[in-house]
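> Give me a 3D structure for the following:
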Amino acid sequence: MPHDTAAADVEQFLSRELVDLGVEDEAIRPEAKFDELDIDSLDVADLMTSLKKNYGVDIPRRDLIGMTLGQLVERVVAGETAAER
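Numbering: from 1, shown residues only. You can find the predicted model right below:
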């Protein structure tokens with residue numbers, strides 16, 4: 001089940017990064033909308049840079065509007081899988 005492992009890794013990565021940015025643990029849920037996490041645009045830019053550096057996936061900030069954390073995880077995993085082929 002490499003896909004599940006990859007998703008769990010991305011979830012843990014995002015959780016650590018978001019907590020470091022000041023997001024409360026209880027706010028970090030798959031159904032939480034990314035743009036409702038109360039982080040500023042510089043923090044978002046840093047997070048997207050970290051995602052690109054660690055997973056090779058470049059997701060434009062405009063795509064995050066209305067996206068849930070679960071959807072972000074799926075997109076990172078799908079992007080990583082596509083890059084590995």
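
> buried ones in the lengthiest helix in the chain?
Ranked by residue count, the top helix of the chain under DSSP state H comes out as helix 2-20. Within helix 2-20, the residues that count as buried by 16 or more other C-beta atoms under 10 Å are 6-7, 9-11, 13-14, 17-18. Using the backbone N, CA and C atoms, a C-beta is placed for each residue, glycine as well.

> Now tabulate those in TSV and tack on pLDDT and distance to residue 76.
Formatted as TSV, these follow (pLDDT from 0 to 100; distance: C-beta to C-beta, whole Å):
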residue	pLDDT	distance to residue 76
6	89	8
7	92	9
9	94	9
10	94	5
11	95	10
13	96	9
14	95	8
17	95	12
18	96	14
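
> Quick check on residue 33: phi, psi?
Taking degrees, to the nearest 10, you get phi -80, psi 130 for the backbone angles of residue 33.

> quick one: residue 38 from residue 28, how far?
For residue 38, the distance to residue 28 equals 12 Å [C-beta to C-beta, to the nearest Å].

> Look at the two and report which has more neighbours.
A direct count of neighbours by other C-beta atoms under 10 Å for residue 38 and residue 28 places residue 28 higher, at 17 against 11.

> Return the distance of that one relative to residue 41.
19 Å.

> what does residue 62 give?
Residue 62 sits 11 Å away from residue 41, going by C-beta to C-beta.

> How about residue 21?
Going from residue 21 to residue 41 by C-beta to C-beta gives 12 Å.

> higher neighbour count, those two?
More crowded of residue 21 and residue 41, by other C-beta under 10 Å: residue 21, with 16 against 8.

> Can you verify my assumption that that one contacts residue 42?
No. Residue 21 is not in contact with residue 42 according to C-beta atoms under 8 Å; the separation is 9.7 Å.

> Tell me the one of the buried residues of helix 2-20 nearest residue 75?
Residue 75 has its nearest neighbour among the buried residues of helix 2-20 in residue 10, at 9.4 Å by C-beta to C-beta.
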